[in-house]
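Peer 1: Okay, predicted coordinates and the sequence, questions at the end:
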Amino acid sequence: MAKQRISYVPLEKMDADMRKEMERCQREGTPRPESSAVRAHVPACFWFFANSWRDIFRNGVLDHAIKELCRLYVSRSVQCEYCGNQRSVKATKSGAIIEDHVMDLLNFEKSTKFNERQKAALAYAEAITWHLQTDDAFWDRLHRNFSESELVELGCMIGLTLGQQSWLRLLNIDHHEVLAGTDASMAPGYEDIKKLKETKASADYWAKSKPASGAQVA
């Protein structure tokens, strides 16, 4: 088992407001408790992410399901297993995100599972994640599908999750290690520690394959 690189802050060392947020993480996910317990070493970092994630991911001006697709695209691209094994409850309950969508994310342009608006958002996520050059046609496509306010929120959200996932994947943290006993926001097959270990041990576990950008796959 990989060694955890930064410890979790115990709940008893957090103040009342932080403990309340940790309980919300336990109950709702987004984010799950483990990543919040790492950020709790620096309260400013804890609240920076908690508040930003609430305001521009869970809420905001853009359809939440679009943002969840882009979050998962980043997970598949940077191979952050911790984040990639989560699903937004808000998006899945709406029926907007199903596992077939997730499996096709890195080949989204050729996929029949996404509409044009979703593909445009994923192209935005792809360009940010893989540092791709963009042209007038790229931006015309985005402006046909989204308002400028939506593009700002989505760009900030993608940048935030790209940075956080690129960091979290290095820490060797995993689910069901802090405030265990809840499956809030867990993907199918990861609902408890036993299922998580079984899924990650399977030959077709998604993180065992090397990621490639949509531009490389097409």
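Peer 2: That came through fine.
Peer 1: any idea which residue sits dead centre in the protein?
Peer 2: Nearest to the mean C-alpha position of the chain, counting by Cα atoms, centre = their mean, stands residue 71 at 3.9 Å.
Peer 1: Let me see the contact set for that residue.
Peer 2: Shown in contact with residue 71 (Cβ atoms under 8 Å, 6 or more residues apart in numbering): 57, 83, 88, 157-158, 161. Glycine gets a C-beta too; all of them are placed from N, C-alpha and C.
Peer 1: What pLDDT is listed against it?
Peer 2: Note for residue 71: predicted pLDDT of 97.
Peer 1: Angles on the backbone of it, please.
Peer 2: For residue 71, the backbone dihedrals (degrees, to the nearest 10) come out as phi -60, psi -40.
Peer 1: now swap in residue 41 and tell me
Peer 2: Per degrees, to the nearest 10, the backbone of residue 41 is at phi -60, psi -30.
Peer 1: same deal with residue 10?
Peer 2: Torsion angles, degrees, to the nearest 10, at residue 10: phi -60, psi 150.
Peer 1: Also residue 12?
Peer 2: Here is the backbone geometry of residue 12 (degrees, to the nearest 10): phi -70, psi -10.
Peer 1: Next, work out how far apart it and residue 84 are.
Peer 2: 31 Å (Cβ to Cβ, to the nearest Å).
Peer 1: just residue 175 next, same as before
Peer 2: The separation that residue 175 has from residue 84, given Cβ to Cβ, amounts to 11 Å.
Peer 1: now do residue 176
Peer 2: 16 Å.
Peer 1: next one: residue 114
Peer 2: Per Cβ to Cβ, residue 114 is found 18 Å from residue 84.
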